[in-house]
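next come a sequence and a model predicted from it.
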Amino acid sequence: MNTDKFLSGQVISQQLGISRQAVNKAIMSLRDKGFDIESVTRKGYLLKSCPNVLNEEAIKSYLTTKFIGKNLKVFETIGSTNDYLKELGSKGAENGTVVVAREQTTGKGRLGRVWQTEKDAGIAFSVLLRPNLSPAELSSITPLTGLAVCKAINDFCMLDSKIKWPNDIIVGKKKLVGILTEMSAEFDRVEYAIPGIGINVEHSVFPDEIAHKATSILLETGRHIDKNKFLATVLNYLEDILIKNNYRLTGEASVEYGNLCATIGRQVTFARGNRNVSGMAVSVNNSGELEVMLSNGTVVTVNSGEVTVQGIY
């Protein structure tokens, strides 16, 4: 992406192997999408600025990955990135395929909740993974994804975000990110896993019913970020952590996760049978389960369901 000198239409034509007419048509299309491109006779074209909306070419220009995002689709509007990617996955889409939406209308949260993404305010995306794991080992995907997203946010945005087990990223006591992992598997073989991630980025206000428990990067930093560079950073972190840990919650990853987990050290309440049980969250084990110490000293594991964390929504 060159923004410091003019390129002639002839040079662009030669480099891309297309006609001058095709170059002119492409320039007009880019301008329609919000790219500020200056044109001067006998000098050519100069890219002055890019729109701060999700764009496939811009995202790819910042990627350093080997497989995640090499096949990447950006939609202006979509129902659910997870649903669309599940359809692609069932048809053989390659490992690392990423689907991104500028607006998501029927996205899914945990326990059947709806996660809507206002156009260009948030980032909703899903990643298709085909790990060589048994179905029992797939429980590591969500915590590894949470670890990657949390580290990327803290490094890129200079925030102190934390993980709320099992699948939220928070800043302070408010939710910034939601993660939902879905999969297709047989008894002994995983066809694919799809972590879907929704990040609040440009929201300045939230509906009254969630305003007390939701936040955004804009609200926390007071800054507008480059969404394309940020998303690429998240994908770079995700691939690095998945490869380094071979898709498993290794000892090193568990330590990193524990250091960033806001749930550990707090009182939690969860359902056990027909009653609610409370205790102190003490750790997350290598299977991604939350270990909770009850008042009698017994340690039990929690692997699913709704968990209420004292002091956090």
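That came through, no problem. Because the structure is a prediction, the values reported are computed rather than measured.

tell me the strands beside the host helix or strand of V282, with direction?
Counting by DSSP states H and E, the element that carries V282 is strand 275-284. Paired neighbours of strand 275-284 in the sheet (DSSP bridges): strand 267-272 (antiparallel), strand 290-293 (antiparallel).

closest to A136 out of those strands?
Counting by Cβ to Cβ, A136 lies closest to strand 290-293 out of these; the figure is 17.2 Å. Bear in mind the C-beta positions are built from the backbone N, C-alpha and C, glycine included.

after the closest one comes which helix or strand?
Proceeding N to C from strand 290-293, the next assigned helix or strand is strand 299-302, under DSSP H and E.

and that following strand, which residues are buried?
Neighbour counts over strand 299-302 (16 or more other Cβ atoms under 10 Å) mark V302 as buried.

repeat that for stretch 260-267.
Across stretch 260-267, burial judged by 16+ other Cβ under 10 Å covers L260, C261, A262, T263, I264.

hmm, who's touching that stretch?
Residues outside stretch 260-267 that contact it (Cβ atoms under 8 Å, 6 or more residues apart in numbering): 147, 150-151, 161-165, 170, 258, 278-284, 290, 307, 309-312.

any of those buried? List them.
Among the contacts of stretch 260-267, those scoring as buried are 147, 150-151, 161-165, 170, 279-281, 283-284, 290, 307, 309, 312 (criterion: 16+ other Cβ under 10 Å).

average pLDDT across stretch 57-70?
Averaged across stretch 57-70, the pLDDT comes to 96.

for it, list the C-alpha coordinates in CSV.
Only the C-alpha atoms of stretch 57-70 are listed here, as CSV (Å, rounded to 0.1, in the frame of the first residue of the first chain):
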residue,chain,number,x,y,z
GLU,A,57,-7.1,-5.9,0.9
ALA,A,58,-6.2,-3.6,3.9
ILE,A,59,-6.5,-6.5,6.4
LYS,A,60,-4.3,-8.8,4.3
SER,A,61,-1.7,-6.1,3.9
TYR,A,62,-1.0,-6.3,7.7
LEU,A,63,-1.2,-10.1,8.1
THR,A,64,2.0,-12.0,8.9
THR,A,65,0.2,-15.4,9.2
LYS,A,66,1.0,-18.6,7.4
PHE,A,67,-2.6,-19.8,7.0
ILE,A,68,-5.1,-17.8,9.0
GLY,A,69,-6.7,-15.2,6.7
LYS,A,70,-5.1,-16.3,3.5
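
how about I225, nearest residue that isn't a chain neighbour?
Here the nearest residue to I225 in space, its sequence neighbours aside, is I217; by Cβ to Cβ, 6 or more residues apart in numbering that works out to 6.0 Å.

what does L129 give?
A193 (4.8 Å).

now do T105 against S126, distance only.
Per Cβ to Cβ, to the nearest Å, T105 is found 15 Å from S126.

between the two, which one's more packed in?
Per other Cβ atoms under 10 Å, whichever of T105 and S126 has more neighbours is S126, with 29 against 14.

just to check, the more buried one is in contact with Y192?
No - when contacts are counted by Cβ atoms under 8 Å, S126 is not listed as touching Y192 (10.9 Å).

for the two, list the residues in contact with both.
Here S126 and Y192 have no joint contacts, going by Cβ under 8 Å, 6+ apart.

I179 is in contact with D168, correct?
Yes - with contact defined as Cβ under 8 Å, D168 reaches I179; the gap is 7.2 Å.

pLDDT-wise, which helix or strand of this protein ranks last?
strand 114-117 (a mean of 61; mean pLDDT, DSSP states H and E).

what's downstream of that one, the next helix or strand?
Immediately after strand 114-117, counting by DSSP H and E, sits strand 122-127.

before we move on, the earlier item: would you reformat the buried residues of stretch 260-267 as JSON lines and include secondary structure?
Formatted as JSON lines, the entries for those read as follows, by DSSP: H, G, I helix; E, B strand; the rest coil:
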{"residue": "L260", "secondary structure": "helix"}
{"residue": "C261", "secondary structure": "strand"}
{"residue": "A262", "secondary structure": "coil"}
{"residue": "T263", "secondary structure": "coil"}
{"residue": "I264", "secondary structure": "coil"}
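
one step back: need the overlap of contacts for D168 and I179.
Residues touching both D168 and I179 (Cβ under 8 Å, 6+ apart): G146.

quickly, which of the strands paired with strand 275-284 bottoms out on average pLDDT?
Lowest mean pLDDT of these: strand 267-272, a mean of 93.

and that one, what's buried?
Buried residues in strand 267-272, counted by 16+ other Cβ under 10 Å: V268, F270.

now stretch 172-179
Under 16+ other Cβ under 10 Å, the buried positions of stretch 172-179 are K174, K175, L176, V177, G178, I179.

what's the answer for stretch 24-38, then?
Neighbour count says stretch 24-38 has I27, L30, F35 buried, by 16+ other Cβ under 10 Å.
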